[in-house]
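*Asks:* this one's structure only:
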């Protein structure tokens, strides 16, 4: 098993507080990695509570691969447009990770 550093944005920060998780927190993932969708399932976060994931500072859709050692942020739907522009995404599938 390996770890990632996980953060939450906006309303998801409240969920982290309810669970007693620090922001950021270290989360164990499989050595082969995971996806945002799988990570949400692992953490019992409803998929409907997520719109995008940030991986090392870049926004991606929920099916993007997350590797051990990545810095990951969870983004809920409904983030106001000014923040969406500032954070670099307009829709959850607008960018691809190379």
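*Replies:* Thanks, I have it. The model shown is predicted, which means the values in this text are computed figures rather than measured ones.
*Asks:* Sheet partners, orientation included, of whichever strand or helix holds residue 26?
*Replies:* Using DSSP states H and E, residue 26 falls within strand 25-29. The strands beside strand 25-29 in its sheet (DSSP bridges) come out as strand 2-8 (antiparallel).
*Asks:* now whichever helix or strand comes after the strand it pairs with against strand 25-29, angle please.
*Replies:* Under the assignment DSSP H and E, the closest C-terminal helix or strand after strand 2-8 is helix 12-19. Orientation note: helix 12-19 sits at an angle of 80 degrees relative to strand 25-29 (axes from the mean of the first three to the mean of the last three C-alpha atoms, to 10 degrees).
*Asks:* What lies in contact with helix 12-19?
*Replies:* Applying C-beta atoms under 8 Å, 6 or more residues apart in numbering, the set of residues contacting helix 12-19 from outside is 8, 22-23, 25, 45, 49-50, 74-76. Placement of C-beta: from N, CA and C, glycine included.
*Asks:* who's in contact with residue 68?
*Replies:* Residue 68 neighbours (C-beta under 8 Å, 6+ apart): 2-4, 29, 31, 33.
*Asks:* about what we covered before: check which residues of the strand holding residue 26 are buried.
*Replies:* Across strand 25-29, burial judged by 16 or more other C-beta atoms under 10 Å covers 27, 29.
*Asks:* Outside of that strand itself, list whatever touches it.
*Replies:* Strand 25-29 is contacted from outside by 1-6, 16, 39, 42-43, 66, 68, using C-beta under 8 Å, 6+ apart.
*Asks:* Can you flag the buried ones in the residues you listed?
*Replies:* Members of these classed as buried by 16+ other C-beta under 10 Å are 4, 6, 16, 39, 66.
*Asks:* Quick check: bridge partners of the most centrally placed residue in the chain?
*Replies:* The chain has residue 74 as the residue nearest its centroid, 2.7 Å off, counting by C-alpha atoms, centre = their mean. Counting by DSSP bridges, residue 74 forms beta bridges with residue 8, residue 53.
*Asks:* Likewise for residue 28?
*Replies:* Applying DSSP bridges, one finds that residue 28 bridges with residue 3.
*Asks:* Check what pLDDT it gets.
*Replies:* What the model reports as pLDDT for residue 28 is 96.
*Asks:* Good, we can wrap up now.
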